[in-house]
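# A structural model of the following input is requested.
(chains A, B and C)
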Amino acid sequence: MQHLLEVKDLQTTFFTASGEVKAVGSVSFNLDKGKVLGIVGESGSGKSVTAYSILQILTHPGRIVGGSVKLNGKELVGIPEDEMRKVRGNQISIIFQDPMTSLNPVFTIGNQLMEAIILHTNRTHEQAKERAIEMLQLVGINEPEKRIHQYAYELSGGMRQRVMIAMALACEPDILIADEPTTALDVTIQAQILELMSDLQKKLGMAIIMITHDLGVIANMCDEVVVMYAGRICERGTAPEIFYNPRHEYTRGLLRSIPNIDNDDKARLIPIAGTPVDLLNLPKGCPFAPRCERAMKVCLYEFPSEYWVAKDHIASCWVNVLENIGTPLEALGGQDAAKGIVTEGEEAAQ
Amino acid sequence: MQNEKIPFKNPFSLQVDPELFKPATEEEKAQQIQTRESVSFMKDALRRLGHNRIAMACIVVILLIALIAFIVPEFYPYTYTKQDVSAKYLAPFHYSAKEQAKIDKGVSIFPHIMGTDALGRDYAIRVIYGTRISLLVGIFSALIVILVGIIYGSISGYFGGRVDNIMMRIVDIIYALPDVLIVILLSVAIKDIVSTSKNVLITKLGAGMVSIFIVFGLLYWVGMARQVRGQILSIKEQEYVLASRSIGASAARIIRKHMIPNCVSVIIIVAAMQIPSAIFTESFLSFLGLGVSIPMPSLGSLASDARAGLNSYPFLLIYPAMSIFMIVLSFNLLGNGLRDAFDPKLRS
Amino acid sequence: MNSKFLVYMLKRLGMALLTIFLVIAITFFVMHAIPASPFSSEKAKSDAVIKALEIKYGFDKPLGVQFMNYLWGVLHFDFGLSTAWVGFTVSGLIVNAFGYSASIGFSAALIAIILGVLFGCLAALNRGRWPDKIIQVVTTALVSMPSFVVATLLLLTFSYVWKVLPSMGTQPGGMVMPILSLSLYPMAYITRLQRSSMLDVLSADYIRTARAKGVKSSKVIYKHALKNALTPVITYAGPMMAYILTGSMVVENIFSVPGLGRLFTNSMLRTDYMMIMGVTIFLAAMIILMNFLSDVLYKVMDPRIDLA
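Model prediction:
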């Protein structure tokens, strides 16, 4: 069964003057048409680098060092640059965290919008302008004919992000990657932008990869979730599974740390102990082990292999093995073969 | 629980060693973490500077040059004024006929390392004195700029509001004035005054030097003031300043204790770039004849005098030119190194 | 947007005019602070003759009046009469000399800007590799050499050692070395400026956006990056002009070019105060004008509001 996007064992390293930074140790996940996948993790977990690796827009000392990325079955890693350029902005688009710095300050937004359109479609200048105005309307910007001639600094934060979205969707991509799209915005604007993205997704039918550190956003919007830490995936599965049945200590830590409005006034916040890992000096085993309450000796020496722990739920944590939960993914023949396995409960329901 | 219903196959790929599944101790966990020690900013910056081989080499070169410029003349057998017409235009390490005669008689004469000039004066000592002038100009200009710039900038930045507005307006105006022209103008004007002055210091320094110092004191500090003000404005917003204020510290104390130490990096960088600029200006003025008064040599005036015999005696130009080049190059490279060390964001 | 731009331009213009006025005032009062009379250095004249000359040139009137007269004259481009070159007006001599200086200066500026931007981009795009390293070494060296050192070394090399270029600026081919002498330092400076500016811009988020849209690498550079990277170079235009104009004083001297620079140094030697004042003000005006133009051009390139 072909997925829209298949990422398998993707690895990206930054060859810096201070050493090699393994930003993405090994990442695998699949994305299907029309679905929303969330990638959640703290800063430095490698979520953004994963996205940039998919689009191959890594900056200088960074390089993909292994793995594969397949779009509709076609391999993207290793293809010549001009072919990759046809994919960018066209089949896969991305919007970034800070719309102020992501828009070129010396060109009008119309200019930047039309550039994307003219690049990938056969439209004339006039047609591109029409399409640009159409897109601005679609994302809810008023007076689009006027806005076309304005510069980024003349717009508010929320409007700028809408412009970014318009630019990304102008060529009707199959996949939209959103890298922390609301982190730089006010809370009320956040809600608006997320709603906009939701609407557009239903209207245009594209798949979305939502990268965020905010579990609330994930719960709101995502069908499937990938949890990352220090460049590796802790666990991945459907959103309900991850939230209600977390199978990795890190995920459990994240969920525990969410303040609960029903809690007592004096209840303390429960952070995850320790400090984020130094990617220059990655420990041998599971990178989360030094901070993990339930860490075992094996955790320090060997990275846990992927285990199929529940329907559509894969986790990499030795605690599951200790508790006799799940089977190794390899043993089942990979994720897709494993999908065929249903639980007794579901059999009964069918 | 759902998990029990998933068929469990033995993980044959993993040799299960029950020992490994015992909980890990805190020490074991700590071993895996290699935290980098935190150092103070100054130590960190100095360490970065220390690793910069080029910058270190420049420091050595500058110290060496300073040593030669200030110590050597005390021991040197020649003075920069002593003329000997019979020893004109000697090539390096050559002797005049008269000197040769003396040597044959057994008198030891110190060689003219750089030869002699048109009036038979030993060139090496003249170049050394010229170097001394350049270094002095550089150092004193930097000092003036630092002093005036810091005071002006910190007052403007700290008090903010109208005071800042007015002070910065003045800075804008001064900044817009073409400084080199004014230096030249002042030099021309002062030259007259200097030649009739009774003040020993002024006559010895010469019109150029006096006007350079005046102009630096009046004009060149603006760059430093602006930078310091910028730093202070951003520091002002920090909480530790608020904390200080709330316990009643005076403005002067806050400025001195909290703000200026944080400006050190900016101050060092700006000052380091001032020095080559000052040396440039001084040598330029001397070349035009507006600098130190003869017979005191300046690298610029030496270069200018060398023009007369350029065709036949090129070394008279090469030595002072190379000296200026070495000094300015060292300060420029050092300035680059300082900037990289103290403000890594600006790293090239 | 247009009205904001106009306001900005007017503010800058006002600043420029104020600065020129200050320069005129400073020049005037500094020159008149010199105790010696402009004539006393000439061959011995009797007091009566000196007095008569002073009246002729208007030096007997009170200082304030002299200043107002002078200011009025300057506004009409009348800088008075030269005392060293009798019979000539200061402005006339300036205009004559300006042609030479302008052609040398303009060529030097053009070379400096074009090559500077080119090499700067080259260095930035090849960061860390050998073209970048060579460019950095060469520019560091050039930036450490004042114009007179460059000029005299060039003269030595190309006129005396290898006799390929004439030593006088007015001879055919004689402009090469003066232009070179004046362009090398600014070119090196601009190269370094452009390099660091380009590196900054290339790591900016909006460049990442452009690449993510599928824009070709070369277009990312010359459309998206360059326009942003050029702005610091534009602000250097004024100081560059100042460097070239003051540098021309030595360069024209060395290569015997009858331009403004040489006019200035000669009038210094002959204590022609009217001349000195006139040339100083003229040069200052050029520099201030250049600063104004670069401010305006900067705003055209980068429409963000100027918060200064």
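
# And the longest helix along chain A, what does it pack against?
Taking DSSP state H as the criterion, chain A has its longest helix at helix A:187-204. Taking 3 or more Cβ pairs under 8 Å, 6 or more residues apart in numbering or on different chains; DSSP states H and E as contact, the helices and strands that helix A:187-204 lies on are helix A:157-169, strand A:175-179, helix A:215-221. Bear in mind the C-beta positions are built from the backbone N, C-alpha and C, glycine included.

# how about a markdown table for those, with mean neighbour count added?
Output for those, formatted as a markdown table (neighbours: other Cβ atoms under 10 Å in any protein chain shown):
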| stretch | mean neighbour count |
| --- | --- |
| helix A:157-169 | 25 |
| strand A:175-179 | 25 |
| helix A:215-221 | 18 |
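
# So what touches the longest helix of chain A?
A:34, A:36, A:138-140, A:157-158, A:161-162, A:165, A:169, A:172, A:176, A:178, A:181-182, A:185, A:206, A:208, A:217, A:220-221 (Cβ atoms under 8 Å, 6 or more residues apart in numbering or on different chains).

# buried sites along that helix?
By 16 or more other Cβ atoms under 10 Å in any protein chain shown, the buried positions in helix A:187-204 come out as A:Ile189, A:Gln190, A:Gln192, A:Ile193, A:Leu194, A:Leu196, A:Met197, A:Leu200, A:Gln201.

# Pick out whichever of the residues you listed sits closest to B:Ile125.
A:Ile189 (73.9 Å; Cβ to Cβ).

# Pull up the gap between the closest one and chain B, please.
25 Å (Cβ to the nearest Cβ, to the nearest Å).

# From chain C, how far out is that residue?
19 Å.

# got it, and A:Leu31?
18 Å.

# Same question for B:Ser141.
Applying Cβ to the nearest Cβ to B:Ser141 and chain C gives a distance of 16 Å.

# ditto for A:Arg85
A:Arg85 is 5 Å from chain C, by Cβ to the nearest Cβ.

# Could you verify that that residue is part of a helix?
Yes. Under DSSP: H, G, I helix; E, B strand; the rest coil, A:Arg85 sits within a helix.

# Just to check, it is in contact with C:Ala212?
No. If you go by Cβ atoms under 8 Å, A:Arg85 and C:Ala212 don't touch, sitting 10.3 Å apart.

# Of the helices and strands packed on helix A:187-204, which shows the lowest average pLDDT?
For these, the weakest mean pLDDT is recorded on helix A:215-221, namely a mean of 88.

# got the contact list for it?
By Cβ under 8 Å, 6+ apart, helix A:215-221 touches A:36, A:38, A:40, A:182, A:194, A:197-198, A:208, A:210, A:212, A:225, A:239, A:243, A:254-255, A:258.

# Quick one: closest of the helices and strands packed on helix A:187-204 to C:Ser3.
helix A:157-169 (22.7 Å).

# residues making contact with the closest one?
So helix A:157-169 is in contact with A:89, A:93-96, A:99-100, A:102-103, A:109, A:112-113, A:116, A:132, A:135-136, A:138-141, A:147, A:152, A:155, A:176, A:181-182, A:184-186, A:189, A:192-193, A:196-197, A:200, A:204, A:206, C:209, C:213, going by Cβ under 8 Å, 6+ apart.

# Buried only: go through the residues you listed for me.
Counted by 16+ other Cβ under 10 Å, the contacts of helix A:157-169 give A:89, A:93-96, A:99, A:102-103, A:109, A:112-113, A:116, A:132, A:135-136, A:138-141, A:147, A:152, A:155, A:176, A:181-182, A:184-185, A:189, A:192-193, A:196-197, A:200, A:206, C:209, C:213 as buried.

# Among those residues, which ones are in strands?
A:Ser93, A:Ile94, A:Ile95, A:Leu176 (DSSP state E).

# Bridging across strands, which residues link to the first one?
Read that as A:Ser93. In this entry, A:Ser93 is beta-bridged to A:Leu176, by DSSP bridges.
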